[in-house]
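[1] For reference, the sequence and a predicted model appear below.
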Amino acid sequence: MFTVTLGDDGALLRRLEPWRSDEFLANINRGREWIGRFIRLADVVTDAASARTFLQAYAEKAAADTGHIFGIWSDGVLVGGVLFRSMNVHEGTAEAGCWLEPAATGKGLVTRAARRIIDWAIEERGIHRVEWRAASGNEPSIAVARRLGMTRDGVLREGDLHRGQRHDLEVWSVLAPEWRSAERAG
């Protein structure tokens, strides 16, 4: 089983598989309003069946190497996660993302977890460009992109329709040589 510690606080990162759908639904339920402010996950995962279906879709993406999802556990409880919404190994591109329940914010969990999966994607899977997309109002997500050393490529004006409202969508990215250089620099 794939499990990585995220630091001295005992937080763990591991694959989020369909058999963990009850934990996943509980996590989404604890943070539904917070999570749903800017991302569709809270609207897609609404009950046991949809939680399992969502994770099964990612299991199939993982099998095809076109996407991956990982959970973040703190004190034995699933509190959020990071994912590659898409991954194209042939072209060397991936889009990373995250979610986190409110009680787990402010601890650096997403930044540490995203750093691990981006490092894996670049060093193990040969990904050249990792993107991070966030609604302009999603300041916590944009802060993660900054902490990861990503560059703001631009804004897709009103590029995201969420819950009937249009949001500007910021596109951030890091290229493999930039990532490696930053990692060497510490």
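    Sure thing, it's come through.

[2] hey, let's count contacts and neighbours off CA atoms from now on
    OK.

[3] could you pull out the strands for the chain?
    Secondary structure of the chain (DSSP state E): strands at 3-5, 12-15, 68-74, 77-88, 93-100, 129-135, 151-162, 165-175.

[4] closest one to residue 40 among the ones you listed?
    Of all the strands of the chain, the one in closest proximity to residue 40, counting by C-alpha to C-alpha, is strand 151-162 (7.2 Å).

[5] Okay, buried residues for that closest one please.
    Neighbour counts using 16 or more other C-alpha atoms under 10 Å place 151, 152, 155, 160 of strand 151-162 among the buried residues.

[6] Same question for stretch 72-81.
    Judged by neighbour count using 16+ other C-alpha under 10 Å, the buried positions of stretch 72-81 are 72, 73, 74, 78, 79, 80, 81.

[7] same thing with stretch 109-126?
    Using 16+ other C-alpha under 10 Å as the test for burial, stretch 109-126 gives 109-119, 121-122, 125-126.

[8] Among the residues you listed, which one lies nearest to residue 146?
    Among the buried residues of stretch 109-126, residue 111 lies closest to residue 146 (C-alpha to C-alpha), at 9.6 Å.

[9] How about that closest one: what's its closest non-neighbour residue?
    Of all residues not flanking residue 111 in the chain, residue 144 sits nearest, at 5.7 Å (C-alpha to C-alpha, 6 or more residues apart in numbering).

[10] Brilliant, that's me finished.
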